[in-house]
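Engineer: With the sequence up front, the predicted model follows.
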Number of protein chains: 4
Amino acid sequence: MLVVMSQGCSPDCGERVISALAAAGRRAERIALADRAAVRADGPFDVALAEVVGRLPGVALVLPASRPMRHVLRREGRGATTVRLGRHTIGDGGFTIVAGPCAVEDEAGLERVARAVAEAGADVLRGGAFKPRASPYDFQGLGRPALPLLARVGAAVGLPVVTEALDAASLDEVSRHAHMVQIGARNMDNSALLKHAGRAGIPVLLKRGMAATLEDLLLAAEYVLEEGNPHVVLCERGIRTFSDHSRYTLDLGIVPVLKRVSHLPVIVDPSHASGAREVVPALARAALAAGADGVMVEVHPDPLHALSDGRQSLTPEEFRVLASDLRALEPLLARHREPVT
Amino acid sequence: MLVVMSQGCSPDCGERVISALAAAGRRAERIALADRAAVRADGPFDVALAEVVGRLPGVALVLPASRPMRHVLRREGRGATTVRLGRHTIGDGGFTIVAGPCAVEDEAGLERVARAVAEAGADVLRGGAFKPRASPYDFQGLGRPALPLLARVGAAVGLPVVTEALDAASLDEVSRHAHMVQIGARNMDNSALLKHAGRAGIPVLLKRGMAATLEDLLLAAEYVLEEGNPHVVLCERGIRTFSDHSRYTLDLGIVPVLKRVSHLPVIVDPSHASGAREVVPALARAALAAGADGVMVEVHPDPLHALSDGRQSLTPEEFRVLASDLRALEPLLARHREPVT
Amino acid sequence: MLVVMSQGCSPDCGERVISALAAAGRRAERIALADRAAVRADGPFDVALAEVVGRLPGVALVLPASRPMRHVLRREGRGATTVRLGRHTIGDGGFTIVAGPCAVEDEAGLERVARAVAEAGADVLRGGAFKPRASPYDFQGLGRPALPLLARVGAAVGLPVVTEALDAASLDEVSRHAHMVQIGARNMDNSALLKHAGRAGIPVLLKRGMAATLEDLLLAAEYVLEEGNPHVVLCERGIRTFSDHSRYTLDLGIVPVLKRVSHLPVIVDPSHASGAREVVPALARAALAAGADGVMVEVHPDPLHALSDGRQSLTPEEFRVLASDLRALEPLLARHREPVT
Amino acid sequence: MLVVMSQGCSPDCGERVISALAAAGRRAERIALADRAAVRADGPFDVALAEVVGRLPGVALVLPASRPMRHVLRREGRGATTVRLGRHTIGDGGFTIVAGPCAVEDEAGLERVARAVAEAGADVLRGGAFKPRASPYDFQGLGRPALPLLARVGAAVGLPVVTEALDAASLDEVSRHAHMVQIGARNMDNSALLKHAGRAGIPVLLKRGMAATLEDLLLAAEYVLEEGNPHVVLCERGIRTFSDHSRYTLDLGIVPVLKRVSHLPVIVDPSHASGAREVVPALARAALAAGADGVMVEVHPDPLHALSDGRQSLTPEEFRVLASDLRALEPLLARHREPVT
């Protein structure tokens, strides 16, 4: 259990937390986070104890994490992590828009989308070369040949590039051509791949698994950081529930929690979460309002004929409207992207 | 399956949908919604067919509803429903803020909160008299005596009042004292209570059950409307999932879907969803950004000593900051609260 | 947190548990269950502490319950509860088979099924008069007129009768005609109805809500018991999850847990859980093997033309085979229906 | 959508299904399964249509699968798959008991458990060398050195051996020392690993992912079979839900469905599902009763001091009692392990 204090709370507040935990039989120690104090207590999360402690003055958040985390939690003197992709930085207080097609299909189509999203104000170009698919008979992506193509088009429109890897071999390929590698929801539990990404050193976009708890996601990031790679961006993309009006259920409530407990930037993928073009803009705006550092949305020049996930892709024109909405809202919400107080 | 068309799409688009459905063996008929056309197809929802139809030009949304709904879906010439509580109207394009304590505890405390939320810009006062609780040993609310107290305080601060009923008897009591009755998540499946609310005629705030699908929620509203009561506001308040960083998982993706398919106003309760004061403001802002017609948040003068749900209640000062944030964002998002195109 | 000890464990074991809890800051007290000792600790459930305590010698189970329960947990000197319906007893070590149509449709059909299930070895006749339905346009049951009909047919074939009530009024009606009232999954959270059932005194079949945790179910039973009615049978009927091969996900793992921590009989409803006739027999056998005190299955003379839930109803012949299978397995599993050691 | 017919149903039944599907606009074709007919319909699963078709005479099951599967579904003339490990065969109508420690810790301990489970009647020895763990700081297994050790001990006690692989490299190692490789729940979506297992040819124990639907699991198996490896055993091990009385929710209802639609053997892991020693025997018996071809249970000589998952491990004595119970029940349930009629 980790008790994160409000910024500027007096040392007395921290002492009161430690006393309350001691009264409940927990050994606790004060630790310093980036911009304020915290108390780490022995033992696992305890809902009732969290409620008691959470009511004490000066307590900002009580975190349900039972296993030690060495790197992923905020610590004083280190500030929030910013992740640099070419000339763009994620997590510096701005709002990052990642956009592009689900999968790279051909150079002409990719260039058309890339130019459109760059002009509309996107910061990063996405595009899948290696696609993890539930069925062996679905389109698995163009593979290796898509990588230099993606690099060329990104350079042409002036955007850094992020693309997914599925195993150690494809991650090494991606490292040679892209600014950032994505580890998808289906591989968040793949500890062999996480360790390899940690050793590779390339910035990592780590998506939450569809059955992952907060702690699972933080520990997956911990695998990468423990290997010496600090350049990790977390991504909420929807979890699996009974709710059938969308493909997954976007769990936006995890955004403010992640921002409080970790120093890593957090972005949101409303395209995979909803699986429906009509819902993407509302959820992208909501992600911004919830304090996320960015969104990742799929855009396709001709969604009706996309080889994968056309149902959830915006047209370039729909994306232009969304990007304009987000840029208009961004300044009013800047305060909520700051390190949590 | 209900296929909702984009506003202003040509009649050809609708014909193409009917043809596509016929090719898939579905009898389909054109129906008129408030501000545009729709096609209702026989038979149940079909994910793949929805994807095919959803790609046709002019299609705005395909709704996973398998049972007929007579009243709850948008229909031409009727416009979106607005629900009037005293001088305030929910669903007229403005953003409604409902605020107040979880439970009414005593007159002095209630008046303190009511005055604070009224001054901060709340539109409606909430406060529980009859509390549905998981345990018979939890505080069950003051019951009947709380109702005149609530009415008096609401009148004193100039706010209409909403409070929950648990059965026919308490609903009749509530009808005598409040402007709106809440049917809580634990009673959304209670068809006897829904029918009674339909006959009572008082405006109804209907919360989504914690295991309810989109269709379940719409059909619960249908029970009320079928009895002749059109004054229903829907409320998303979180569903039960494995995700343990918050008490429930707020399913904000349902907001744009409900706004598209129904003429009823939609509000969001981030307090019960998250169960944590620190997360409430981020989710309230996200609800606004997602296009909701309002939010309902709990405020308590002294959350540490609340008889119920103190953990999730904002202090009056925290509420003041939130309300100010919401009012600043409201105009930029007005377009997204309009009837869907 | 409740720590249930193994039968016959030495007093030392209990002392060690209390010491371990004290070391973790929990005040704990020894209490006596029906057939062995337990330790009740202050404070909420704590997964890690439960694991530590669960490894101590003599510990049988650690229960995730954070709220006090006065009646529902096993206590020494009281033995397991048995619930008497006419000449049949549920929970006496035998295996109870409840069978009948989902809804009563007409007297002839009901009598045909009743006779068939009685001959095949059923112990109790079920049949719905008041049906809780998601849609107001679905068949809501015959209502009051079905009750005397059910009573007549039950008497004719020599079986006691169970049927559902939806509110106080229908529960009073049911009390006059049936041996047991069912409170359905959709009303498990309806505290007004639970209290009324407690005061009515009639045996209650309480189904687990589709989003209810173990603790929620136990506390719902506590509502009934607290009002003075000890005749409660718990029923697992499936929970709502993403798993789409069946209507709900039958959570059989709750059966041995309930049998350990409570003195109430536990039965299982595989018909509503699966929603598919083909799966019902396998899950009914599994319920028996998991230690349940009985099953409740739907049988219809002509499932193709049932007014509700025909998809999940066995034909009389399918039921005959199932009942015969269950009766053959019953003696080999008798030991596992005994009060837990 | 796949419509599986009852064994021995007349050709007329199949024709009626095809007509009903045609009336609903679905192109359908008759295909032959191992022991009876089926109808495969174009398009996705459709709950209502499934209900309509499922009521037709002769229909045994309607399967929610929307993507083509070439290998995993039952087909006439091929019979059910049996998987041979040394002298033991899984899926031949017998009931396979796999047992052993969660992780291999040292040779002496492994040998003690192996000897105990062999004497109690286990058929296969399990033991983890490479452990997939949520945290990088949890015990990750002994790795490569555990493999020859496992092989030696298995040979000494006369049991074939199964152990998990995490990536291509560890799978190649496992292939050299074990009779069967396990692909764990955390890697069920790892298509790179599935393809590698398909090319390796070694028998594969494929566990269901904790968020996998029926179709996801079948398609994961399809990855292995498509690469030419037919030796696959499916394993249900619990899914992630809100239900907190056990670690995961064992979804036993999938067993009869899998047995109907696929020719692959199906086993159940109650140890990981429940996470609690006390619940394992009840769920293992339930798995047998539900028609599974086997169970896999964890056994540890000293669960209190296991390096991983001691909480869920049976002692050798507890396992002896369970194995004896299972062997006593096995003959009465043999009919339910036969290819579905």
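Structural biologist: Yep, that arrived.

Engineer: Summarise which helices and strands the helix or strand containing A:Ala151 is packed against.
Structural biologist: Using DSSP states H and E, A:Ala151 sits within helix A:146-157. Under the contact criterion of 3 or more Cβ pairs under 8 Å, 6 or more residues apart in numbering or on different chains; DSSP states H and E, helix A:146-157 touches helix A:107-120, strand A:124-126, strand A:161-164, helix A:168-177. Heads up, the C-betas are built off the backbone N, CA and C, glycines and all.

Engineer: Would the third one count as contacting chain D?
Structural biologist: It stands for strand A:161-164. No: figure legend: strand A:161-164 not in contact with chain D (Cβ under 8 Å from any Cβ of the partner chain); closest approach 11.8 Å.

Engineer: Quick check: mean pLDDT of that strand?
Structural biologist: Per-residue pLDDT over strand A:161-164 has a mean of 98.

Engineer: Any buried residues in it, and which?
Structural biologist: Using 16 or more other Cβ atoms under 10 Å in any protein chain shown as the test for burial, strand A:161-164 gives A:161-164.

Engineer: Run through the helices of chain A in chain order.
Structural biologist: Secondary structure of chain A, counting by DSSP state H: helices at A:11-23, A:47-54, A:107-120, A:146-157, A:168-177, A:191-200, A:214-226, A:254-261, A:270-274, A:280-289, A:316-329.

Engineer: Up against chain B, what does the stretch 151-300 of chain A have?
Structural biologist: Within the stretch 151-300 of chain A, the positions near chain B by Cβ under 8 Å from any Cβ are A:211, A:213-214, A:239, A:241-246, A:249-257, A:260, A:273-274, A:276-279, A:282-283, A:285-291.

Engineer: which parts of the stretch 151-300 of chain A sit against chain D?
Structural biologist: Counting by Cβ under 8 Å from any Cβ, the stretch 151-300 of chain A comes close to chain D at A:166-168, A:170, A:186-187, A:189-193, A:195, A:209-211, A:215-216, A:219-220, A:222-223, A:226, A:239-240.

Engineer: For chain A, which residue occupies the most central location?
Structural biologist: What sits nearest the mean C-alpha location of chain A, by Cα atoms, centre = their mean, is A:Cys235, with 2.0 Å.

Engineer: Can you tell me who it pairs with across the strands?
Structural biologist: On the basis of DSSP bridges, A:Cys235 is bridged to A:Lys207, A:Ile267.

Engineer: returning to what we had before: export the helices of chain A to TSV and tack on distance to D:Leu61?
Structural biologist: Putting those into TSV (distance: least, Cβ to Cβ, whole Å) gives the following:
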stretch	distance to D:Leu61
helix A:11-23	54
helix A:47-54	41
helix A:107-120	42
helix A:146-157	41
helix A:168-177	39
helix A:191-200	37
helix A:214-226	34
helix A:254-261	38
helix A:270-274	31
helix A:280-289	37
helix A:316-329	42
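
Engineer: now the closest residue to chain C within chain A, nearest residue through space, not along the chain?
Structural biologist: Nearest residue of chain A to chain C: A:Gly25, at 1.5 Å (Cβ to the nearest Cβ). Distances taken as Cβ to Cβ, 6 or more residues apart in numbering or on different chains place C:Gly25 nearest to A:Gly25, at 1.5 Å, with adjacent residues excluded.

Engineer: ok, now which ones touch that neighbour?
Structural biologist: Contacts for C:Gly25 (Cβ atoms under 8 Å, 6 or more residues apart in numbering or on different chains) come out as A:22-26.

Engineer: ok, of those, which come out buried?
Structural biologist: Buried by 16+ other Cβ under 10 Å: A:24-26, out of the contacts of C:Gly25.

Engineer: Which members of the contacts of C:Gly25 define the maximum pairwise distance?
Structural biologist: For those, with distances taken as Cβ to Cβ, the pair at the greatest spread is A:Ala23 and A:Arg26 (8.7 Å).

Engineer: Any regions of the stretch 51-200 of chain A where pLDDT drops low?
Structural biologist: Applying pLDDT under 70 to the stretch 51-200 of chain A flags residues A:64-68, A:75-78.

Engineer: so how far is D:Glu119 from A:Ala289?
Structural biologist: Distance of A:Ala289 to D:Glu119, computed by Cβ to Cβ, to the nearest Å: 63 Å.

Engineer: Compare neighbour counts for those two and give me the winner.
Structural biologist: A:Ala289 (29 against 12; other Cβ atoms under 10 Å in any protein chain shown).

Engineer: Contact partners for that one?
Structural biologist: For A:Ala289, the contact set (Cβ under 8 Å, 6+ apart) comprises A:329, A:333, A:336, B:282, B:285-286, B:288-289, B:329.

Engineer: Among these, name the least confidently predicted one.
Structural biologist: A:His336 (92).

Engineer: Can you tell me, leaving aside adjacent residues, what's nearest to that residue?
Structural biologist: Spatially, and ignoring its direct neighbours in sequence, A:His336 is nearest to A:Gly291 (4.3 Å; Cβ to Cβ, 6+ apart).

Engineer: Confirm for me that the one you found is in contact with A:Ala334.
Structural biologist: No: judged on Cβ atoms under 8 Å, A:Gly291 makes no contact with A:Ala334 at a distance of 10.2 Å.

Engineer: Looking at those two, which is more packed in?
Structural biologist: A:Gly291 (23 against 12).

Engineer: ok, A:Val224 - how many residues close by?
Structural biologist: Counted with other Cβ under 10 Å, the neighbours of A:Val224 add up to 28.

Engineer: quick one: contacts for it?
Structural biologist: A:Val224 neighbours (Cβ under 8 Å, 6+ apart): A:194-195, A:197-198, A:204, A:206, A:232.

Engineer: Would you mind measuring from the residue of the stretch 51-200 of chain A at minimum distance from chain B to C:Leu110?
Structural biologist: Sorted by distance to chain B under Cβ to the nearest Cβ, the residues of the stretch 51-200 of chain A start with A:Arg55, at 4.5 Å. Separation of A:Arg55 from C:Leu110 (Cβ to Cβ) stands at 56 Å.

Engineer: The two: who's more crowded?
Structural biologist: Neighbours were counted for A:Arg55 and for C:Leu110 using other Cβ under 10 Å; C:Leu110 has more, 24 against 17.

Engineer: surely the more buried one meets C:Ala129?
Structural biologist: No: C:Leu110 is not in contact with C:Ala129 according to Cβ under 8 Å; the separation is 10.7 Å.

Engineer: Identify the contacts common to these two.
Structural biologist: Common neighbours of C:Leu110 and C:Ala129, using Cβ under 8 Å, 6+ apart, are C:104, C:150.
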